[in-house]
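> Quick one: sequence and predicted model below, then my questions.
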Amino acid sequence: MSAEDELTRLRAQNAQLQRELDRLRGSGALQQSAPDAANGAAATATPSWDGLQHGLNKEQIARYSRQIVLHSFGVQAQAKLCRGSVLIVGAGGLGSPAALYLAAAGVGRLGIVDKDSVELSNIHRQIIHREADVGVHKAVSAAQSCRALNSSIQVEVHCEGFTPANAVQLVRQYDVVVDASDNAPTRYLISDACCAVGRPLVSGAAIGTDGQLTVYCHGADGPCYRCLFPEAPAAGNCARCVDAGVLGVVPGVIGTLQALEAVKLLSGIGEPMSRRLLVIDCAAGRFHSVKLRAKSASCVSCGTSPAITAASLPSYDYAAFTGQAAANDAAPKPLQLIAREDRITPAELQQRWVAGPCCTARHWQGCVRGRASVLRYLYKLAAECPSSLPAPARLPGCRIASQPDCVVLDVRPAEQFNICHLPGALHAPFKHFDRHLDQVKGRLAAAAAAAGPATSGSSQDDPPPLYVVCRRGNDSQRAVARLRELGIRHGVDVVGGMEGWAAEVDPSFPTY
Amino acid sequence: MLEVRVLFFARSRELAGTNETTVSLEDGSSTKTLLLLLFQQYPQLEELRGNFVFSLNHEYLGTDEEQQLKAGDEVAVIPPISGG
Ligand SMILES: [Zn+2]
């Protein structure tokens, strides 16, 4: 067992014990630090003060004093927070600040739902997790941070995720629900469960530099998510952080506002953002709010005769309704869109560069197999006789630059291409693929000319090899198919794309 | 002629290629005419049809509803986002 596995195991064990402790405290089996205990010397005597039934102890009064003395908040509002509970669905970019602020503010019981584990690429925005938490369940890691911030609150961990099977039962256990999820099916599910059980829902969303915030299912006339968006968005309109990217501060802003709304709902102060939608464009610095209608009588979830109820919800097919699975930051499923013989693996691509028919350094043929042997061979050559090497061949990754008789076409978006790409690769983003057709043709012609008649015969019969890559191997297949439609019939897809290249050929190739 | 301001948020901004534009309409034009014009001017917005919040002067307006526009009105196109 590695040290990391051990750490994960201990953390899970710790979370389990903490839950047990919370349960015992909740049932009164353990004497919690009682108000009088905190009062020091007069512990057993009748206290000399009367808090007019707010129930807060001396320590709580000290801890929350800055908001207790706030004119518009006060001790009764604080007492409501301390007695209240919030379910936070998602311990990601939105859930991080939401959970931290709610823990700090003294919400008596927090439930944190997330089935994923912390990854390094989460931490730029999911600030509740630490570097050392990579690999740990997000719900467990988030709960630990909350407890470290405020040991006097209860934090409950739900690592099984939010599903149609457990949604109603989970929502029922809390006063307020915070939607900090990252995908459309889960958003509909949370809204439906809140309608069915009658809990206010603080909904937040963020992607790129955009954010949205509102409160659903509040009071007698507050609309739900379905009232506003009865039709599920088209899949292409559902950008995910993993593809589209997100500026870390943006979910931070929205998640913080969600905590604020939850505090208002629990404490009863201020005006909740019910029937108001806040839309922010952080790039432009534009905050725009829209007054919404009351709930729709015909809404299938919160209307006068809802089709979706606590009883029917568990069997509702959210994936079918939205046309997407609830998988969020996970990689999309690898597809097989074109014939297998039109695809090669990254390892095969590497071999074709080195030993394939387009290789200009023919003396390498037969003496190299895998990457390790190529490296050894190159380093040996370089050490013995540096001048014998063609310049780009000093690094194996640069081999392609020395081979103008084949073309590598990279169809990823510019942001991804700019992170790292194979040397000499021609960039033709799939999104505007047709615009680059002339460039592709030009490069193929140049490669054919460079190869000369001796190596490739007539370029008509035997065009220069054309390899198409993307991030994971789906768009590249679509590009190969599109090339075919455009009359370029010999494109070959690289299975698994640059991630496959990193996994099979060059572990130093950055993935993201 | 009357001029109205159109704000694009989230995906609609990406599709339209701008976060704001001004549209000139004949006097007496309605929000329906404006929407028709927007979908003509930005055919890429088609992918959002049926799935965005439309607002007139910070108030929700159903895309099938009709309201008369006046000079200086501000409308917004707000598709949902689901990331987090
Ligand atoms: Zn509804």
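The structure has been received and is ready for your questions. None of these values were measured; they are calculated from a predicted model. Residues are numbered from 1 along each chain as shown, chains lettered A, B, ... in the order given.
> Give me the secondary structure label for the residue of the stretch 301-450 of chain A found nearest the ion.
Distances between the stretch 301-450 of chain A and the ion by CB to the ion are smallest at residue A:302, namely 3.4 Å. Glycine gets a C-beta too; all of them are placed from N, C-alpha and C. What DSSP: H, G, I helix; E, B strand; the rest coil gives for residue A:302 is coil.
> Residue A:5 and residue A:11, how far apart?
Distance, residue A:5 to residue A:11, using CB to CB, to the nearest Å: 11 Å.
> Longest helix in the chain, by number of residues?
Using chain A here. helix A:3-27 (DSSP state H).
> try chain B instead
Chain B, longest helix under DSSP H: helix B:31-41.
> which residue ranges form the strands in chain B?
B:2-8, B:20-25, B:53-56, B:59-60, B:74-78 (DSSP state E).
> How about the first one and chain A, touching?
Yes: Strand B:2-8 lies in contact with chain A when judged by CB under 8 Å from any CB of the partner chain; the contacting residues are residue B:7.
> partner strands of that strand, parallel or antiparallel?
strand B:20-25 (antiparallel), strand B:74-78 (parallel) (DSSP bridges).
> Is it correct that residue B:28 is in contact with residue B:67?
No: taking contacts as CB atoms under 8 Å, residue B:28 lies outside contact range of residue B:67: 11.9 Å.
> So for those two, which sits in the more crowded spot?
Taking neighbours as other CB atoms under 10 Å in any protein chain shown, residue B:28 and residue B:67 compare with residue B:67 leading, 16 against 10.
> tell me the contacts of the residue of the stretch 301-450 of chain A closest to the ion?
By CB atoms under 8 Å, 6 or more residues apart in numbering or on different chains, the contact set of residue A:302 is A:195, A:217, A:223, A:224, A:226, A:227, A:295, A:296.
> Tell me how many other residues surround whichever residue of the stretch 1-150 of chain A sits closest to the ion.
Distances between the stretch 1-150 of chain A and the ion by CB to the ion are smallest at residue A:89, namely 18.2 Å. By other CB under 10 Å, 30 other residues sit near residue A:89.
> picking that back up, would you mark the buried spots in the longest helix of chain A?
A:8, A:11, A:15, A:18, A:22 (16 or more other CB atoms under 10 Å in any protein chain shown).
> same for the first helix or strand past it going along the chain, what does it pack against?
Next helix or strand after helix A:3-27 toward the C-terminus (DSSP states H and E): helix A:58-63. Under the contact definition 3 or more CB pairs under 8 Å, 6 or more residues apart in numbering or on different chains; DSSP states H and E, helix A:58-63 sits against helix A:74-83.
> in the helix it packs on, what counts as buried?
A:75, A:76, A:77, A:78, A:79, A:80, A:81, A:82, A:83.
> what's the burial count for the residue of chain B found nearest chain A?
Closest to chain A within chain B is residue B:83: 3.4 Å, counting by CB to the nearest CB. Residues contacting residue B:83 under the criterion other CB under 10 Å number 32.
> What residues does the stretch 201-350 of chain A have near chain B?
Residues of the stretch 201-350 of chain A lying near chain B (CB under 8 Å from any CB): A:204-208, A:210-212, A:228-229, A:231-234, A:236-241, A:244, A:246, A:251, A:277, A:279, A:281, A:283-284, A:286, A:288-293.
> Got a ChimeraX select line for the buried ones in those?
A single ChimeraX command selects the buried members of these (16+ other CB under 10 Å):
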select /A:204,205,206,207,208,210,211,212,228,229,232,233,234,237,238,239,240,241,244,246,251,277,279,281,288,289,290,292
